[in-house]
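[1] return atomic coordinates for the entry below.
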Amino acid sequence: MTQVEKIEEEISKLSQEDVDALRQWFQKFDSAGWDRQIEEDATSGRLASLASEARAEYKAGDLRDLRSISRRADSGTATSDYLPPSRH
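    Residues are numbered from 1 along each chain as shown. Model (predicted):
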């Protein structure tokens, strides 16, 4: 049995209250890892090309309305099918 399978088995024995507490802990744990990765990527310059691209699109007026993307995400519709505005 793998370590993950052991953890899964133990989680299945938890009360709902403990599962809720575990969920909250894991969300914080996972978010902290994500934050560290983004910080490392930003510090190392790995995000520089994305930032340059975003600045160029902003200067060109080629922007997307994030509110519409957010509404689509809230409705359960995949955001990957969102098409950017056509260029003039």
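
[2] local confidence estimate at G45?
    pLDDT for G45: 88.

[3] whoops, I mixed them up, K13
    So K13 comes in at 98 (pLDDT).

[4] residue boundaries of the helices in the chain?
    Using DSSP state H, the helices found in the chain span residues 3-12, 16-44, 48-60, 66-74.

[5] compare those and say which comes out lowest on pLDDT.
    Among the helices of the chain, helix 66-74 scores lowest, with a mean of 64.

[6] tell me the centre residue of this protein?
    By C-alpha atoms, centre = their mean, the chain has its centre lying nearest to W34, at 8.3 Å.

[7] ok, now which ones touch L22?
    11, 14 (C-beta atoms under 8 Å, 6 or more residues apart in numbering). C-beta: built from backbone N, CA, C; applies to glycine.

[8] make it 10 Å
    10-11, 14, 29 (C-beta atoms under 10 Å, 6 or more residues apart in numbering).

[9] and these, which of them are buried?
    The neighbour-count criterion (16 or more other C-beta atoms under 10 Å) marks none of the contacts of L22 as buried.

[10] just put those in TSV and tack on distance to A42.
    Listed next are those as TSV, based on distance: C-beta to C-beta, whole Å:
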residue	distance to A42
E10	37
I11	34
L14	37
F29	21
